[in-house]
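> this one's sequence-less:
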Ligand code: NDP
């Protein structure tokens, strides 16, 4: 029924592609395209050896170059493009989709690779002052495509990973089925997994370290409140994982939820980190290894965080070594039928189970499955409407059903422990 072009073939993409192959009633043909085509070829071989009925081809593409993406779309003629490369490529791929009138799906919002580029920097500094948060990423660049996508009659589905993605669907689902009004949302992201390395990141190190070393922030009464990195700490006893330290971070779904659910008075995001991870990160930051600004080294320019990425384990290789579980979900407070109500919707995912099924760890798995689900809903027409949207802006029910069907079953707890 559908012909999909997937751009990127890293940790998240490999799960998304294998899940698309499981859902072969929707995904009948796929082109796997990336900068390093050998990864696409290896995955194609794996799926073909398993006897997939999906017709798979591969291609090399440099998604930093809009003309290269346009050329590939024109050649392959897909019904939709799933961008599971990096946030740096969001706008070039959106431009190519617009030019070719093809639906667009991604898992993370745009941020530039070069944060010193003067035009972007000036806009960023203006935005920091106006909006009150200093993260490098925000939705403004992609929301700016709303009218163009509407005129082109194409759908842009932004951020269909777990967080953002599933967490925003949980909010829409809680609102639809459990609350008349939601007052607070706490999004909790717990990784209780252990990969045995002194230091490694569970998804692209550059994107991950940029995110967690930035200032934190939360949404309260219609505006942002910014905190120092790791300034707000809580301890929470996560079902099936146990007690963990968690820290308040800025996170992209807060921006969309704050806009789309103005009734919500406070939205916070917490992620768990062990002390060793934080010590390593602070040390790397103190010596300049997290810097995104190029430096000269032995006659050539290098970007410290990119050099660090080359030293760290590839997140896609963590699968065989990672044991333990993740627990990611949202705790709500609000009103139903005039009474106060609380609710926790969460998913627990086991790293080793993911590895057994698809050869990947749970962070890639919990992102790749929702990437497939969002894409399937766009392709099948259930989530198709012209414009650019986040996952909280559609009917959550088919998405929630597919989470159960494709390996991320969820739990509703109507009497949760709250976060103070
Ligand atoms: P990886 O680094 O493992 O993979 C990135 C892939 O993109 C690689 O195959 C890489 O190719 C390819 N790529 C990079 N640049 C280009 C380019 N210019 N042209 C073509 N292909 C390119 O990243 P992850 O799989 O960990 O992450 C993928 C995405 O998922 C990221 O945007 C990340 O932010 C997002 N994410 C979202 C989450 C969520 O819950 N919403 C959670 C985790 C991640 P090569 O092999 O040549 O380097």
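On my side now, so go ahead. For clarity, every value in this text was computed on a predicted model and none was experimentally measured.

> Look at residue 326 and give its secondary structure.
strand (DSSP: H, G, I helix; E, B strand; the rest coil).

> For beta bridges, what are the partners of it?
With DSSP bridges as the criterion, residue 326 is bridged to residue 191, residue 349.

> for residue 332, same thing?
What pairs with residue 332, by the bridge criterion (DSSP bridges), is residue 185, residue 343.

> Touching, it and residue 181? I think so.
No - checked against C-beta atoms under 8 Å, the pair residue 332 and residue 181 is beyond contact range at 10.4 Å. Placement of C-beta: from N, CA and C, glycine included.

> Around the ligand, which positions in the protein sit nearby?
Applying C-beta under 6 Å from any ligand atom, we find that the chain lies next to the ligand at 7-13, 34-36, 39, 61-64, 84-87, 89, 107-108, 159, 161-165, 203-204, 207, 315-316, 367.

> check contacts around the residue in the stretch 101-250 of the chain positioned nearest to the ligand.
In the stretch 101-250 of the chain, the residue found nearest to the ligand is residue 161; the distance is 2.2 Å by C-beta to the nearest ligand atom. Counting by C-beta atoms under 8 Å, 6 or more residues apart in numbering, residue 161 makes contact with 12, 107, 108, 366, 367, 370, 371.

> Which of those residues fall within helices?
12, 366, 367, 370, 371 (DSSP state H).

> May I ask which of those has the most neighbours?
For the ones in helices among the contacts of residue 161, counting by other C-beta atoms under 10 Å, the largest number of neighbours falls to residue 370: 31 neighbours.

> which residues does that one contact?
So residue 370 contacts 107, 160, 161, 162, 165, 166, 391, 399, 403, 408 (C-beta under 8 Å, 6+ apart).

> So which of residue 332 and residue 181 has more stuff around it?
Per other C-beta under 10 Å, whichever of residue 332 and residue 181 has more neighbours is residue 332, with 24 against 13.

> Quick one: residues contacting the more buried one.
By C-beta under 8 Å, 6+ apart, the residues touching residue 332 are 171, 174, 178, 179, 182, 184, 185, 341, 342, 343, 344, 345.

> Does residue 97 touch residue 91 like I think?
No - between residue 97 and residue 91 there is no contact, the gap being 10.6 Å when judged by C-beta under 8 Å.

> JSON lines for the contacts of residue 332, including distance to residue 142, neighbour count and pLDDT?
Listed next are the contacts of residue 332 as JSON lines, based on distance: C-beta to C-beta, whole Å; neighbours: other C-beta atoms under 10 Å; pLDDT from 0 to 100:
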{"residue": "171", "distance to residue 142": "19", "neighbour count": "27", "pLDDT": "98"}
{"residue": "174", "distance to residue 142": "25", "neighbour count": "22", "pLDDT": "98"}
{"residue": "178", "distance to residue 142": "29", "neighbour count": "17", "pLDDT": "98"}
{"residue": "179", "distance to residue 142": "28", "neighbour count": "19", "pLDDT": "98"}
{"residue": "182", "distance to residue 142": "25", "neighbour count": "24", "pLDDT": "98"}
{"residue": "184", "distance to residue 142": "27", "neighbour count": "17", "pLDDT": "98"}
{"residue": "185", "distance to residue 142": "22", "neighbour count": "27", "pLDDT": "98"}
{"residue": "341", "distance to residue 142": "33", "neighbour count": "18", "pLDDT": "98"}
{"residue": "342", "distance to residue 142": "33", "neighbour count": "16", "pLDDT": "98"}
{"residue": "343", "distance to residue 142": "30", "neighbour count": "23", "pLDDT": "98"}
{"residue": "344", "distance to residue 142": "30", "neighbour count": "21", "pLDDT": "98"}
{"residue": "345", "distance to residue 142": "26", "neighbour count": "23", "pLDDT": "98"}
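
> Out of those residues, which is nearest to residue 291?
Of all these, residue 185 has the smallest distance to residue 291: 33.4 Å, by C-beta to C-beta.

> picking that back up, out of residue 97 and residue 91, which sits in the busier spot?
Neighbours were tallied for residue 97 and for residue 91 using other C-beta under 10 Å; the higher tally belongs to residue 97 (27 against 16).

> Let's verify that one: helix, strand, or coil?
helix.

> just how off-centre is the helix or strand of the chain with the lowest mean pLDDT within its chain?
Within the chain, no helix or strand scores below helix 205-212, which has a mean of 84 by mean pLDDT, DSSP states H and E. For helix 205-212, the gap between its own C-alpha mean and the chain's C-alpha mean amounts to 12 Å (C-alpha atoms, centre = their mean, to the nearest Å).

> What of stretch 64-84?
Counting by C-alpha atoms, centre = their mean, stretch 64-84 comes out at 21 Å from the chain centroid.

> ends of it, how far apart?
Its start and end residues considered, stretch 64-84 measures 13 Å (C-alpha to C-alpha, to the nearest Å).

> Can you give me the buried ones in it?
Neighbour-count burial for stretch 64-84, counted by 16 or more other C-beta atoms under 10 Å, picks out 66, 68-70, 72-73, 76, 78-84.

> Nearest to residue 152 among the contacts of residue 332?
Distances from residue 152 to the contacts of residue 332, taken by C-beta to C-beta, are shortest for residue 171, at 28.2 Å.

> Helix or strand: which one has residue 357?
helix 351-358 (DSSP states H and E).

> contacting residues around that helix?
14-15, 18-19, 193, 319-320, 322-326, 360-362, 364-365, 407.

> Those in strands, which ones?
Among the contacts of helix 351-358, the members found in strands (DSSP state E) are 325, 326.

> so of the contacts of helix 351-358, which ones are in helices?
Using DSSP H, the subset of these located in helices is 14, 15, 18, 19, 362, 364, 365.

> I'd guessed the second one sits against residue 364; true?
Yes - using C-beta under 8 Å as the test, residue 15 is close enough to residue 364 to be in contact (5.0 Å).

> Which of those two has more residues huddled nearby?
Counted by other C-beta under 10 Å, residue 15 and residue 364 do not tie: residue 15 has more neighbours, with 30 against 27.

> residues in contact with that one?
Applying C-beta under 8 Å, 6+ apart, one finds that residue 15 lies in contact with 354, 358, 360, 364, 365, 367, 368, 369, 371, 372.

> Kindly state the pLDDT recorded for it?
Residue 15 is assigned 97 on the pLDDT scale.

> sorry, back to before: of the ones in helices among the contacts of helix 351-358, closest to the ligand?
So of the ones in helices among the contacts of helix 351-358, ranked by how close each gets to the ligand (C-beta to the nearest ligand atom), first place is residue 364, at 6.2 Å.

> on contacts alone, who are the packing partners of the one helix or strand residue 125 maps to?
Using DSSP H and E, residue 125 sits in helix 118-131. With contacts defined as 3 or more C-beta pairs under 8 Å, 6 or more residues apart in numbering; DSSP states H and E, helix 118-131 has no helix or strand neighbours.
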